[in-house]
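1. When you get a sec, could you give me coordinates for this:
(2 chains)
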There are 2 protein chains.
Amino acid sequence: MEVLKVSARSRSTAVAGAIAGVVRETGRAEVQAIGAGAVNQATKAVAIARSYLALDGIDVVCIPSFTDVMIGDQERTAIKLTVEPR
Amino acid sequence: MEVLKVSARSRSTAVAGAIAGVVRETGRAEVQAIGAGAVNQATKAVAIARSYLALDGIDVVCIPSFTDVMIGDQERTAIKLTVEPR
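-> Have a look, this model is predicted:
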């Protein structure tokens, strides 16, 4: 499954559009963010994506979890937001 | 309904315990955060609360939305995370 990687510089509306597109196509989306700025953009993007998908009659919820990812040779803890229909 | 207000300096485990307690007592919880640091702590707290509540057989999801709040005489946009059983 494709993971949408969000940074602190990602535009939340652009990420929201990507989330909505992936949910429409595959039924669910995974968003990954490392650091406070990125988690903030990702969370805002899910809130916006909810309004986009509501227009299609799709009511999504968000399931946050921790996940370890390798950045170069360093292990970092990322926040993963799984977006799927309620 | 009581709103759990989270700041950038809130400990995510303490907020998680509060979320789990409110969900156990009332069935759902609302968490409010303003700013990237606070949204990050709130999102991590929900991820941790999920694991606490899973031990009680309660599977919660998170519904992020925007909400306007007054801080003194200034209007600010907060992120509200509604935590409720799937």
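2. show me what contacts A:Ala16?
-> A:Lys44, A:Ala45, A:Val46, A:Ala47, A:Ile48, A:Ala49, A:Tyr52 (CB atoms under 8 Å, 6 or more residues apart in numbering or on different chains). C-beta coordinates here come from the backbone N, C-alpha and C atoms, glycine included.
3. A:Ile63 sits in which helix or strand?
-> Using DSSP states H and E, the element containing A:Ile63 is strand A:60-71.
4. Which other helices and strands does the helix or strand following that strand contact?
-> Going down the chain from strand A:60-71, the next helix or strand is strand A:74-85, by DSSP H and E. When contacts are defined as 3 or more CB pairs under 8 Å, 6 or more residues apart in numbering or on different chains; DSSP states H and E, strand A:74-85 sits against helix A:12-26, strand A:29-33, helix A:36-54, strand A:60-71, helix B:36-54.
5. Now the fourth one: average pLDDT?
-> Read it as strand A:60-71. Strand A:60-71 shows a mean pLDDT of 96.
6. Need the contact partners of that strand.
-> Residues outside strand A:60-71 that contact it (CB under 8 Å, 6+ apart) are A:23, A:32, A:34, A:43, A:46, A:49-50, A:53, A:75-86, B:43-44, B:46-47, B:50, B:61-64, B:86.
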